[in-house]
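Visitor: Build me a model:
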Amino acid sequence: MEIGYQVSEAANGVEALQVIEASGNDIALVLADWNMPEMNGLDLLKRLRQKPELSSVVVVMVTTEAELGHMASALEAGANEYVMKPFTKEILKEKLEMIGMSLEGSV
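Guide: Okay, here's the model as predicted:
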């Protein structure tokens, strides 16, 4: 999905945390899948929020979980937004605009 950002990918939550920590504050946005192996997205989010140098990274939780309890847990843990899969570029753009971010270029 082209959204105007340089993208880094990780195969699981542990790798995602390593990529984010190694970025040296160059990561502006994390799309964290709730159901990642090794460390799920909620645990990744909690780890990010515990680290002062990473606590301000914008995190959008991505999931197929429609349960309101999951959404509430993610938001309480510090997710900036929550998006259900499957989603489109337009939906992501709307979510990012809601939290004060924008996509470079047009959708």
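
Visitor: rest of the way, CA atoms for contacts and neighbours
Guide: OK.

Visitor: So which residues of this protein form strands?
Guide: 29-33, 58-63, 81-84 (DSSP state E).

Visitor: Out of those strands, which gets nearest to residue 22?
Guide: strand 29-33 (13.8 Å; Cα to Cα).

Visitor: In its sheet, which strands sit next to the closest one, and in what direction?
Guide: strand 58-63 (parallel) (DSSP bridges).

Visitor: Show me what the partner strand is in contact with.
Guide: If you take Cα atoms under 8 Å, 6 or more residues apart in numbering as the criterion, strand 58-63 is touched by 28-35, 41-42, 45, 74, 78-85.

Visitor: Buried subset of those as a PyMOL selection?
Guide: Entered in PyMOL, the line below selects the buried ones among these, by 16 or more other Cα atoms under 10 Å:
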select buried, resi 29+30+31+32+33+34+35+41+42+45+74+78+79+80+81+82+83+84
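
Visitor: Name the residue closest to the centre of this structure, please.
Guide: residue 31 (2.7 Å; Cα atoms, centre = their mean).

Visitor: Now it. Nearest residue, chain neighbours left out?
Guide: residue 60 (4.9 Å; Cα to Cα, 6 or more residues apart in numbering).

Visitor: Can you check the distance spanned by stretch 76-87, start to finish?
Guide: 22 Å (Cα to Cα, to the nearest Å).

Visitor: Give me the mean pLDDT for that stretch.
Guide: Averaging pLDDT along stretch 76-87 gives 92.

Visitor: List the residues that contact residue 80.
Guide: Counted by Cα under 8 Å, 6+ apart, residue 80 has contacts 58-61, 99.

Visitor: Got phi/psi on it?
Guide: phi -80, psi -30 (degrees, to the nearest 10).

Visitor: can you list the weak-confidence ranges in this structure?
Guide: Within the chain, the stretches with pLDDT under 70 are 1-5, 103-107.

Visitor: quick revisit: out of the strands of the chain, nearest to residue 21?
Guide: Smallest distance to residue 21 across these (Cα to Cα): 12.0 Å, for strand 29-33.

Visitor: Show me how far the closest one is from its chain's centre.
Guide: Using Cα atoms, centre = their mean, to the nearest Å, the mean C-alpha position of strand 29-33 is found 2 Å from that of the whole chain.
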